[in-house]
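1. Quick one: sequence plus predicted model below, questions after.
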Amino acid sequence: MSVKKSHIRLAATVAAVVGAVALLTLPVAVRQPDVGESIVWLPPDPPAATTTGKAAADDRDRVPVGTPTPTGAGTPSPEAPALPGATRPGTQPPVVDHGPRTGNKVALTFDADMTDAMRYQLRSGAVRSYANLRIIDLLERERVPATFFLTGKWVEQYPQVTRRLAANPRFELANHTYGHLAFTPDCYGLPRLPRQQMTADVDRTFEVVTPYGGRQTRYFRFPGLCHDRAALAALAPLGVTVVDGDVVSGDPFATSWRPIVRAVLDGVRPGSVVVLHVTEANAPMTDEALPHILAGLAERGLEPAPLSEVLGHIDR
């Protein structure tokens, strides 16, 4: 190799490293959410979404807790450490419901759904908000860790709220697809995403969420928890961990906070992953249920923690 070519390659390498460092050090703007920000409808996951969703995906390859990811999964690159949930691209992603049943940690996760139909509802004024700021207020006030599974369209609809989530060191950000379309047939009436578009859909969401910084992850959740072998295969190039959940709150369209609290507290155990929603219009009682959930967890000696902490060794 000539000296000239060596100098060119060295210069290119240095430029790439400098560019990466610059991106990592960009400040994240922290602004209070604009209450007037549009907040949209498609029939969301019904209260029993997880049970049916799992039944529809009986043929998926579920990885039990403690099963190691493929060799090299999540290995930090020379440029940056691996994100929580990162697995080796090209391998079928593990699917987890919960963390180890030891200790006292549980993960509160909040899905932020958004579809074109929901956006239309917002624009038409039929719906006021799909961002429940009362939930975020409570979590911040009580210093409660949580993980938010964001759709790309929700982030685009609520950039200021997303900045607020990213600015909180107790909150983790995860991927919930771009437009909350189904990855399998018969997933609660959700329009189906063509198979050839699945990989790009999820990758696009990472591209939308990543610039906000904060505690980024490579965790992913399917709409309705509906997935099969084909859906998992589509995610293989992205190096993710699929997270379902073992405690389904049933908060979408609940008419009272009590059933939500009962569903959570009856099922929660150490290592549990609780599925809730931050989409106010289609989960209107979640903010009322949350204080009772937190009180019930404390009575049971259970403590909310970020998803990465609850899943622990699964990421390694």
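-> Right, received. Where do you want to start?
2. which strand is the longest one in the chain?
-> In the chain, taking DSSP state E as the definition, the longest strand is strand 105-112.
3. in that one, what's buried?
-> Residues of strand 105-112 classed as buried: K105, V106, A107, L108, T109, F110, D111, A112 (neighbour count, 16 or more other CB atoms under 10 Å). In short, each C-beta sits where N, CA and C put it, glycine included.
4. I'd like to know which elements that strand is packed against.
-> If contacts are counted by 3 or more CB pairs under 8 Å, 6 or more residues apart in numbering; DSSP states H and E, strand 105-112 sits against strand 146-150, strand 273-277, strand 303-304, helix 307-311.
5. please redo it, this time with the cut-off set to 6 Å
-> The contact analysis (3 or more CB pairs under 6 Å, 6 or more residues apart in numbering; DSSP states H and E) places strand 105-112 against strand 146-150, strand 273-277, helix 307-311.
6. list the buried ones in the second one?
-> Applying a neighbour-count criterion of 16+ other CB under 10 Å, the buried positions in strand 273-277 are V273, V274, V275, L276, H277.
7. can you check the last one too?
-> The neighbour-count check on helix 307-311 (16+ other CB under 10 Å) flags L307, S308, E309, V310, L311 as buried.
8. of all those, which comes closest to P93?
-> Taking CB to CB as the measure, P93 lies nearest L311 of those, at 13.2 Å.
9. Now that closest one. Nearest residue, chain neighbours left out?
-> Excluding the flanking residues, the one nearest L311 by CB to CB, 6 or more residues apart in numbering is G99, at 4.6 Å.
10. re the thing from before, make a markdown table out of the buried residues of helix 307-311 and add distance to V144 and pLDDT.
-> Below are those laid out as a markdown table (distance: CB to CB, whole Å; pLDDT from 0 to 100):
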| residue | distance to V144 | pLDDT |
| --- | --- | --- |
| L307 | 13 | 98 |
| S308 | 15 | 98 |
| E309 | 13 | 97 |
| V310 | 13 | 98 |
| L311 | 18 | 97 |
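11. can you redo those as CSV with distance to P211?
-> Shown next, in CSV, are the buried residues of helix 307-311 (distance: CB to CB, whole Å):
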residue, distance to P211
L307, 21
S308, 20
E309, 25
V310, 26
L311, 25
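12. H292: which of those residues is nearest?
-> Of the buried residues of helix 307-311, the one sitting nearest to H292 (CB to CB) turns out to be V310, at 20.9 Å.
13. What residues does that closest one make contact with?
-> By CB atoms under 6 Å, 6 or more residues apart in numbering, V310 lies in contact with G99, K105, A107.
14. Next: P291.
-> Residues counted as contacts of P291 (CB under 6 Å, 6+ apart): none.
15. my guess is it is in a strand, correct?
-> No: P291 sits outside any strand when classified using DSSP: H, G, I helix; E, B strand; the rest coil, being helix.
16. quick one: it and V264, what's the gap?
-> P291 sits 12 Å away from V264, going by CB to CB, to the nearest Å.
17. What of C187?
-> In this view, C187 and V264 are 23 Å apart by CB to CB.
18. And for T205?
-> 27 Å.
19. what's the answer for V161, then?
-> 24 Å.
20. same check, this time on A281
-> The gap separating A281 from V264 is 21 Å, by CB to CB.
21. Equivalent analysis for T162, please.
-> Taking CB to CB, one finds T162 at 25 Å from V264.
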